[in-house]
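Q: fold the following for me, if possible:
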Amino acid sequence: MWSVGKTNGKVSRAVFLAAVNAAFLAVSANAQDLSGLPAQLLEKVEAAWQACSDLDNGQFAVEFGAVHRVDLDGDLYNNWVLDEARFACSSVPSMYCGTGGCVSHFLIGDNIDSLLNQGWDMAQIGPHRVLLANVHYSQCGGISPSPCVVASVWDDDEMMWRSTEAKWE
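A: Below you'll find the predicted structure:
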């Protein structure tokens, strides 16, 4: 699971989390506190940290604002969101974001879904919590930069996000 250097020693998630948090605090005064982060999201952080480290021994940081607690599904309990827009790697400034935006990971219960976006927000429309995400114009059939937004609602019965491509008349 976790190896240290070239030894066969194993490190617990708690020790890894403490080490990563200490590294973040050393790198940035605005580092995000990752204590209490669910395992599914911690795995995303670990993968990003490893990718950065593997590239010219880069220094990785999770800046403040990367972790959000927000009600995504309308049950009045806060879920988790991890925004890679707030990840930083000293080796490659644009490692986690591109022209399509950055990946956000949305965790509801044990379900994690990821979306490449250029920003997101939540809205209440009737009884539904709606995820609004600014996405790349190519997802709207555009061939040049133009506005493009997707609206998604969490379906608790099917445990998935639902969206549609509306047909305008």
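Q: going by C-alpha atoms from here, please, whenever you check contacts or count neighbours.
A: Fine.
Q: quick one, helices of this structure?
A: All helices of the chain, identified by DSSP state H, fall at 13-27, 39-54.
Q: count of neighbours near D33?
A: A count of nearby residues for D33, using other CA atoms under 10 Å, gives 18.
Q: kindly apply the preceding question to Y96 instead.
A: For Y96, the count of nearby residues is 19 (other CA under 10 Å).
Q: still on that earlier bit, among the helices of the chain, show the one with the smallest mean pLDDT.
A: With a mean of 49, helix 13-27 has the lowest mean pLDDT of these.
Q: where do the strands sit along the chain?
A: All strands of the chain, identified by DSSP state E, fall at 60-62, 67-70, 79-83, 87-89, 97-98, 101-108, 111-117, 120-125, 128-134, 149-155, 160-162.
Q: now S35: phi and psi?
A: Note on S35: its backbone torsions stand at phi -60, psi 140 [degrees, to the nearest 10].
Q: that one and G142, how far apart?
A: Computed as CA to CA, to the nearest Å, the S35 to G142 distance reads 41 Å.
Q: what do you get for D73?
A: 30 Å.
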